[in-house]
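Asker: Okay, here's the prediction I keep looking at, along with the sequence it came from:
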Amino acid sequence: MADQYAHEASGEGSRPMLPVLRWEEPPEGAVVVLLDQTRLPAEEVELVCTDVPALVAAIQSLAVRGAPLLGIAGAYGVALAAARGYDVEEAAGLLERARPTAVNLGYGVRRAMAAYRAAGPAERGSAALMAAKELHRQDAEASARMAGHGLALLDELMPGGGHRILTHCNTGALVSGGEGTAFAVALGAHRVGRLRRLWVDETRPLFQGARLTAYEAARHGLPYTLLTDNAAGSLFAAGEVDAVLIGADRIAADGSVANKVGSYPLAVLAKYHGVPFVVVAPTTTIDPGTPDGASIVVEQRSADEVTDPAGAVGGGRRTAPPGARAYNPAFDVTPPALVTAIVTEEGVLSPVTREGVDGLLARGRRT
Ligand code: MRU
C-alpha cells in the first residue's frame, strides 16, 4: 500500500528540495518515503512505501529512478522487508527484477542481502539497514568526487572555460544520494563560473529532461535551455555544443555504455562534430559480469508511453491513433569507441578500454 502526501511547491530555489528518498520508522512500522518523480515538476508529492510490492511498483512506474538511486532504493527495500517481517529472500528477488538495465539496482539489493545473511538472526534487519545507509552515504561521497574529476576534465578538454554542455535524461540529485553524476559536473562548472549554457534534451517519451533536469537546473539558477531531442543535430551543426555529459545505467566490461535511449545518437553526432562525449557514473554502475554492449539487457517499456506520452506522467492527450504500435526501448548502448572519457569517483578513464575499465573497478569499492 502506498499513501501520498502532497506538499505545496514554493518558488524555485526558495527552499531545499524534499529528500529524494528517506527511511523512517514511525510506531506503525518502517517505511521508505520517496519523492514521487512522476509528479514533478508540477507537484512535490511524497510516496510512502509500507511494503516491498509498493516499492517495486514505484521503481517500475519511475516514481523512483536513475541508476544510483535505484541501487539505494533496492538496498532499503531489503531492510524494509526485514523490518516488516516479510520473506526477505523473495523480496530481494522481486526488487532485483523490478527493472533490468540499471545494474545498480541489483548491486544495492545484493549488498544489503550480503549484510543481512552475514548477521546473526537478531541483527539481520539492522545489518541490512546499515548497509543501505552506508551505500546511501557512499553514493553522496562518490557524487562529490565525480563532480571534482569531471570539472578538471572539462577544463583540460576545453581550456578557457565558458562551457556549453548538452545533457540527456536526468542525472542530478533526483538520481543520487548526493548531487548526481553528469548534472553534478555541470553544477560544479556553474559554481566556478564556467558554465555558459546547459542544453537539456527533453528526453522522450517520459520527459526526464524537461520535467526533472530543467526543474533541478532552475532550482540551482543554471543558465539552461530545453530542446526537443531531435533538435540536437542542428545544435551541433551550429557549433553550439562544447561537450556532451551523460550518466549511465550499466557500463559493460568493455566500456560499452547503456544509458537513456537517445544517448547513442548524441555520441554519433558528437563524434562527427569532434565534440567530447563524456560519461559520468560511479564505479557501482560498472558491471564486470556483462562482457560487452550486446550482452546488456535493454528494458522495453509499454507502447502507451509513446502513443500517449504525457499520459504516462500524468494527464495529456493521446498523439497516435488507437491501435498504433510503438517501439519503446528505455535505453540504448553506446560503444566505447564513441566515448571520449568515463568519469568515476575513482578518476577518469580515457581512452575507454577493457583494461582501463578493469583498473577502475579494482580501484572502486565494488565487490
Ligand atoms: O529510465 P530512467 O529515468 O531510470 O533512466 C535514467 C537514466 O537513463 C539516467 O541517465 C541514468 O540512470 C544515469 S543517472 C546517474
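Answerer: Perfect, thanks for sending it. Numbering: from 1, shown residues only.
Asker: Residue 111 contacts residue 135, doesn't it?
Answerer: Yes: Residue 111 lies in contact with residue 135 (C-beta atoms under 8 Å); the separation is 6.0 Å. Heads up, the C-betas are built off the backbone N, CA and C, glycines and all.
Asker: Next, count neighbours for residue 268.
Answerer: By the criterion of other C-beta atoms under 10 Å, residue 268 has 13 neighbours.
Asker: Roughly how far does residue 176 sit from residue 263?
Answerer: 18 Å (C-beta to C-beta, to the nearest Å).
Asker: can you give me the helices for the stretch 251-367 of the chain?
Answerer: Remark: helices assigned in the stretch 251-367 of the chain by DSSP state H, counting those that start in this stretch are 263-273, 304-307, 354-363.
Asker: Turn those into JSON lines, including mean pLDDT and distance to the ligand.
Answerer: Output for the helices of the stretch 251-367 of the chain, formatted as JSON lines (pLDDT from 0 to 100; distance: least, C-beta to the nearest ligand atom, whole Å):
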{"stretch": "helix 263-273", "mean pLDDT": "98", "distance to the ligand": "7"}
{"stretch": "helix 304-307", "mean pLDDT": "93", "distance to the ligand": "10"}
{"stretch": "helix 354-363", "mean pLDDT": "94", "distance to the ligand": "16"}
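Asker: Select, out of the ones you listed, the one closest to residue 218.
Answerer: Nearest to residue 218 among the helices of the stretch 251-367 of the chain is helix 263-273; the distance by C-beta to C-beta comes to 22.5 Å.
Asker: list the helices and strands that closest one packs on?
Answerer: helix 232-237, strand 243-246, strand 277-280, strand 331-334 (3 or more C-beta pairs under 8 Å, 6 or more residues apart in numbering; DSSP states H and E).
Asker: partners of the third one, with directions?
Answerer: Within its sheet, and counting by DSSP bridges, strand 277-280 is paired with strand 243-246 (parallel), strand 341-344 (parallel).
Asker: closest to the ligand out of those strands?
Answerer: strand 243-246 (6.1 Å; C-beta to the nearest ligand atom).
Asker: quick one: the closest one to chain centroid distance?
Answerer: 15 Å (C-alpha atoms, centre = their mean, to the nearest Å).
Asker: now stretch 335-354
Answerer: For stretch 335-354, the distance to the chain centre is 18 Å (C-alpha atoms, centre = their mean).
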